[in-house]
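> everything below, folded, please.
(2 chains, ligands or ions: 2)
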There are 2 protein chains.
Amino acid sequence: MANEVMAGMESNAINPDIARERLKATFDPLELTHIFDGGKERTTRRKELENLLFSDPLFCLRDNIYLSTSDLYSATMARSVKLFRLKQDQKWSEDDLLLALRLIRDQNCLSLHHSMFLPALERLASDDQKARWLPLARRYHMVGTYAQTELGHGTNLMELETTATYDKATDEFVLSTPKLSSIKWWPGSLGKTSNHAIVLAQLVVDSKKCGMHPFMVQIRSLVDHTPMPGIKLGVIGQKMGSNHNDNGFLFLNNVRIPRENMLMKNAQVTRAGKFLTSGPNKANYATMIYVRVMILSWSFGAISAAATAAIRYSSVRRQSSLAPGQEESQVLDYQTQQYKLFPTLASGYGFFFIHKVLSAKYKAMLVDMQSGNSKALPEMHAWSSGMKALITDITTYNMEICRRSCGGHGYLRASGLSDMVCEAFPLATVEGENTVLYLQVARYLLKQIAKALTGQQTTGTTEYLTMNEASYICPLQKPVDCRNPDFLCEVYKKRAYRMVLKVAQALQRDMESGKEQAVYMNNNLQPLVRMATAHCYYLAMRSYIEGLASLQVSPPARKILDKLCCLFGVHYIVTLSGDFLEAEAIGLEQLQWLQELELQLLAEIRPDAVTLVDALDFHDETLSSAIGCYDGRAYERLYEAALKEPMNQTEVDPAYDKYLKHLIMEGAQSKL
Amino acid sequence: MANEVMAGMESNAINPDIARERLKATFDPLELTHIFDGGKERTTRRKELENLLFSDPLFCLRDNIYLSTSDLYSATMARSVKLFRLKQDQKWSEDDLLLALRLIRDQNCLSLHHSMFLPALERLASDDQKARWLPLARRYHMVGTYAQTELGHGTNLMELETTATYDKATDEFVLSTPKLSSIKWWPGSLGKTSNHAIVLAQLVVDSKKCGMHPFMVQIRSLVDHTPMPGIKLGVIGQKMGSNHNDNGFLFLNNVRIPRENMLMKNAQVTRAGKFLTSGPNKANYATMIYVRVMILSWSFGAISAAATAAIRYSSVRRQSSLAPGQEESQVLDYQTQQYKLFPTLASGYGFFFIHKVLSAKYKAMLVDMQSGNSKALPEMHAWSSGMKALITDITTYNMEICRRSCGGHGYLRASGLSDMVCEAFPLATVEGENTVLYLQVARYLLKQIAKALTGQQTTGTTEYLTMNEASYICPLQKPVDCRNPDFLCEVYKKRAYRMVLKVAQALQRDMESGKEQAVYMNNNLQPLVRMATAHCYYLAMRSYIEGLASLQVSPPARKILDKLCCLFGVHYIVTLSGDFLEAEAIGLEQLQWLQELELQLLAEIRPDAVTLVDALDFHDETLSSAIGCYDGRAYERLYEAALKEPMNQTEVDPAYDKYLKHLIMEGAQSKL
Ligand SMILES: Cc1cc2nc3c(=O)[nH]c(=O)nc-3n(C[C@H](O)[C@H](O)[C@H](O)COP(=O)(O)OP(=O)(O)OC[C@H]3O[C@@H](n4cnc5c(N)ncnc54)[C@H](O)[C@@H]3O)c2cc1C
Ligand SMILES: Cc1cc2nc3c(=O)[nH]c(=O)nc-3n(C[C@H](O)[C@H](O)[C@H](O)COP(=O)(O)OP(=O)(O)OC[C@H]3O[C@@H](n4cnc5c(N)ncnc54)[C@H](O)[C@@H]3O)c2cc1C
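Ligands and ions are numbered 1, 2, ... in the order given. This is a model prediction of the structure:
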């Protein structure tokens, strides 16, 4: 009878509400799609890969929700292997591979091999070592991971406890995780997949600690994949999300490796037991920046996917009505719903441009470094750290808002949103925990403001620290000024300046009053985070504007993009208005204008909302959202997804016979 | 070898860091434990039940993470049946049962039977019907649920599409879900457990719609539990959490039930097809309030559990150090960590008192209603709706902060925190979606301010709307004033007043300018939410103070409780400072004092932090947090949890033989 109900609905019709949305667009979504893809040809290539992958049932990602953790791991392995065969057979470029991985939401068991193991070899191995290992690794004979975090240490890598002790007698290193807290814990692909690991360990030579260095350790047999002697390893257990990845643990019980297995590009131990080093490794530092910049791009993808699902669903969900007695309204028409979703959308768009700007700066820095100039490193480090922290904070927060905005259905895994949220949450933790990153930015800012206060000129991202505050006049002199992103940016700048100055002065006072540094720094840790955040908002706004400005687009597209940028700028001033008032960056009158403008912008963006998410052009399979599909057939797809649920394959659950039956049967006999 | 490592650690020792914390306490935790339990005897009773339940391996909740969804359902059914047998055999009181359910975190397949089905029978059935059904339901022969939400409607229950059409010829109702959007979707225990459902449906008599009414429908056979003719049902699929519950869907294809199956207490259809009603059902209304008040208590439990796990873990986690060169610091010593956790803790404590106050008001209202006085209903409705929305917003937001504050390990399901967060998220959606609730509060406030503006006296929660704003002098005249919760409460009040007034005036202007009501209401929807939120914060602060004031405690306990209350008050002013500045409830000087005081309070609470969560006295099994156990043995327990993971029961995963092996083996042959 369910089928009768279903039969009553045309099975391929697009939901009429969402179809109508698309007629309202003021711009051509394809123009933006090409921008996001990086050009028309890349859009074409993406569609080719989508057709190739998603015509294969192996890549039916939406069925992940029916799998147990171990079946999910197995399915992911099948996909990974298939993908790398495709790459070889079809001679994909590296870009193609990255694109394909993005299309399957990085559901890949060999991701650490690609993102960490191979790059670490390139970066840290000597030429000899490269010649030995890289071909094997590229052919997946060596399948590897990078083992850094331990049960006891993640943030503070200086205190990792795994040791690699040089044994001159045998010309070997002895690797050991001496305590429970020393075992490697978290590295991706470590539990079941990898047969090699680059292990970060404290080098000990002649009982002297020589710092953290990378060592190549074979962890599983190349014949039958069993753990090597002295090694115990496994998965660390289920996680909130990302269960396709076998994040693992690793005990090393005096595992001996030849001296040549220390990755020797930047430091060496000689046969005679002499430790040589060429000093701190700037390439490592640059890699850290690279990863943080990459995370901006992932954040763009994650927040945009959530916005896509939530906005599409909000256009087909009708609930209550704005005008009593009339047809129920699309929930997207409620101002409150727009307030949840459009700043999120504007943020997602912004992250695309912010990533672009930072990515270009990063590349420029690499070029400079190749010619021996690494002056830009400290600033790029602070900048990328700050953007990573701010943008992943906004991403994770707003994705959960998107999920909730779908009411009860957003709690179903079939909605896609709950998995998206659970997969995105770690962005705030990995590659530098966000609080720790803000504190790094703060330390950079303290150095710069100290310069500025002693009359030196600061440059680049902190140029504003030499600003003459007395000359600040709020650029928002009338309501229409609030539509000017450059003016908004000035407001962000002023707030950042005042916050930095205020904390710097407080620290100065504490120092002069003779307090211990450790004490007064900790007494101001939260203000330091707050000041760093203010700085990051300013940089985000600035890069959003800069990225947008460099764009070649048609006037209609430009118009809507400008609105999103403006909404971004306005929204975070309004949300954090206390900071801006406190910093005297705006007054109460400006706040009122901005509040009104924000509501106005929501109404202006409303007609383009669905088209703006269409422009992001997520394939339905990539999105895996029953409520967020292009066709808007939310209810049909939720229902279809439920029918596939394993528990629905039997009418009466086994738990009835085992347990419930007895309760019900006894209840038939009157005893009360 | 892992075992060698483990053997190196004394297996039952309490972590010395957490042991040291307990020596620092300024008060006796047991005193507070008794308060939370509702008296010393209830503490004793709780411990008895804990011993009884948790000595039975059936109730090993921490092993839930290893189960597939269907095995989890089955385990939960076993627990549910066991629990109700215990209740009968050991003659538990209703309070005992509720307590036991709380101890097992409501992991119960029959929860809807108890929380909705039985109460609905009591409330909605006629005396005859009660005599017929209640004994069977109490003996679990009838196992039931309450089927309200449909695929297409949750919030707007007036538009439910399921119909119950009276067929005079046969003296029956014909129940039908005519469209896909009409199928019941979400009710707990519906998919697999229940054999009866009270179905909310549009009553149709003589082709006339007579509104929503409840109907008793048998959905599964009492002989073999198969679905009854005309009925199709199942689970709606996996959720972000709460997968022990078989939330289900239900199609009704012209299912006929006798006329006597309409629940007839408040409305009847006679044999002749005449519809009679005694008007709107105030008892229903009261039930809605009851459930919202209950949610405050659940929120207290949820946020407190998360704070317990995060604070305990933060006391044993050492990472980096405050003073360079020294031993690594407990992360709980970082001000930023305290800033994440102590306002959360203070909020949790607050919710306990707020719930107490509201619960007492609710009971008083019931007494009044029994004597025919239901004057208090509208205010209690707005009050409970507002508190539900605000407190679940704070709860869900802060629980995720707690999870993140544990770094990577908070992402492991074994940490308990990820499951806690996923189970708590729906609090913001169910029993009134929060935005919708704020809007209800806003409508109540608009009515009251309209009264106030025409010179009528408002009373109770909105008494302040008749405040003379001109006479407001900020009570915070010097820094120490900020420690006075009553003064803080005045500040919250002033902010609420100004926000309500501002929106009311804006609406008035729009109305006078001749705009349509639907238009100007929607143009102000977000400001309405904001103003309602401001009102709710004021009420929360007021009830926190009131609940605390009525408490009999020793001076040391009083002292720390007052600090938490003050921190709560200060924290949300500082966090939302823009609102307070905008409302001129405080000035910049006061803001500065409050910011400083907040940091000061963090330091003052620090020594008692672990003891404050110990006082909440969650049993380790209830908490199910490897990192939050009483003994602080976070690493040992994480490791033990990982060893039990099903994927760790084999050394080489089957996915190796199936897929990975081929890649690795082919890679051995040089082809590059
Ligand atoms: C999904 C996922 C995948 C991962 N994959 C890998 C991987 O492939 N390889 C790998 O090596 N690791 C991996 N990790 C581990 C990850 O790198 C760490 O979890 C991360 O670096 C955070 O460190 P932590 O867990 O030690 O947090 P902690 O440092 O323990 O943080 C706990 C709390 O302490 C606070 N804190 C810590 N230090 C300071 C300080 N100095 N000042 C103020 N506050 C402080 C933090 O703010 C936080 O609130 C992964 C983690 C996750 C969640
Ligand atoms: C874990 C869980 C358990 C549940 N258990 C049960 C159960 O046992 N029995 C049962 O009957 N149901 C149950 N439900 C369903 C639940 O009652 C509904 O999901 C809830 O009432 C929210 O309604 P909705 O899903 O229709 O949200 P929607 O109303 O569709 O909300 C979607 C969005 O629209 C907005 N919106 C809707 N109306 C308005 C308006 N008038 N003005 C402004 N904005 C609006 C909301 O703010 C939200 O952002 C459960 C749900 C969950 C998640």
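> now do the contacts for the residue in chain A that ligand 1 sits nearest to.
Nearest residue of chain A to ligand 1 (CB to the nearest ligand atom) works out as residue A:154 at 2.2 Å. Any C-beta I mention is one placed from the backbone N, CA and C, and that applies to glycine too. When contacts are counted by CB atoms under 8 Å, 6 or more residues apart in numbering or on different chains, residue A:154 touches A:186, A:433, B:319, B:407-408.
> tell me where the stretch 201-350 of chain A has helices.
Assigned by DSSP state H, counting those that start in this stretch, the helices in the stretch 201-350 of chain A fall at A:282-316, A:335-370.
> same deal with the stretch 551-672 of chain A?
So, for the stretch 551-672 of chain A - with DSSP H, counting those that start in this stretch - the helices run A:555-575, A:577-582, A:588-605, A:609-616, A:620-623, A:634-643, A:654-655, A:661-668.
> which of those sits closest to residue B:669?
helix A:620-623 (34.1 Å; CB to CB).
> the contacts of residue A:154 also near ligand 1: which ones?
Filtering the contacts of residue A:154 for proximity to ligand 1 by CB under 6 Å from any ligand atom leaves A:186, A:433, B:319, B:407-408.
> widest-spaced pair of the residues you listed?
Farthest apart among these by CB to CB are A:186 and B:319. That separation is 14.2 Å.
> hang on, the earlier thing: mind checking which of the ones next to ligand 1 among the contacts of residue A:154 are buried?
Those of those that meet the buried threshold are A:186, A:433, B:319, B:407-408, by 16 or more other CB atoms under 10 Å in any protein chain shown.
> closest to residue A:418 among those residues?
Nearest to residue A:418 among those, with distances taken as CB to CB, is residue B:408, at 20.7 Å.
> ok but the closest one is inside a helix, no?
Yes. Counting by DSSP: H, G, I helix; E, B strand; the rest coil, residue B:408 is part of a helix.
> so it touches residue A:186, yeah?
Yes. The criterion here is CB atoms under 8 Å, and residue B:408 meets it with residue A:186 at 5.6 Å.
> comparing the helices of the stretch 201-350 of chain A, which comes out most buried?
helix A:282-316 (a mean of 23; mean count of other CB atoms under 10 Å in any protein chain shown).
> and that helix, what does it pack onto?
Applying 3 or more CB pairs under 8 Å, 6 or more residues apart in numbering or on different chains; DSSP states H and E, one finds that helix A:282-316 contacts helix A:16-23, helix A:118-124, helix A:335-370, helix A:377-405, helix A:417-424, helix A:609-616, helix A:620-623.
> tell me the mean pLDDT for it?
Helix A:282-316 shows a mean pLDDT of 95.
> ok, stretch A:184-193 next?
Rounded mean pLDDT across stretch A:184-193 is 98.
> endpoints of it, how far apart?
Across stretch A:184-193, the terminal residues are separated by 15 Å (CA to CA, to the nearest Å).
> now swap in stretch A:646-664 and tell me
With CA to CA as the measure, the ends of stretch A:646-664 fall 25 Å from one another.
> can you list the buried residues in it?
Neighbour-count burial for stretch A:646-664, counted by 16+ other CB under 10 Å, picks out A:647-648, A:652-653, A:655-656, A:659-661, A:663-664.
> check the residues you listed and tell me the two furthest apart.
Maximum pairwise distance in the buried residues of stretch A:646-664, criterion CB to CB, is 23.0 Å, between A:648 and A:663.
> quick check: residue A:81 vs chain B, distance?
Relative to chain B, residue A:81 is positioned 5 Å away (CB to the nearest CB, to the nearest Å).
> show me what contacts the residue lying closest to that residue once chain neighbours are set aside?
With sequence-adjacent residues excluded and distances taken as CB to CB, 6 or more residues apart in numbering or on different chains, residue A:81 is closest to residue B:659, at 4.6 Å. Contact partners of residue B:659, counting by CB under 8 Å, 6+ apart, are A:74, A:77-78, A:80-81.
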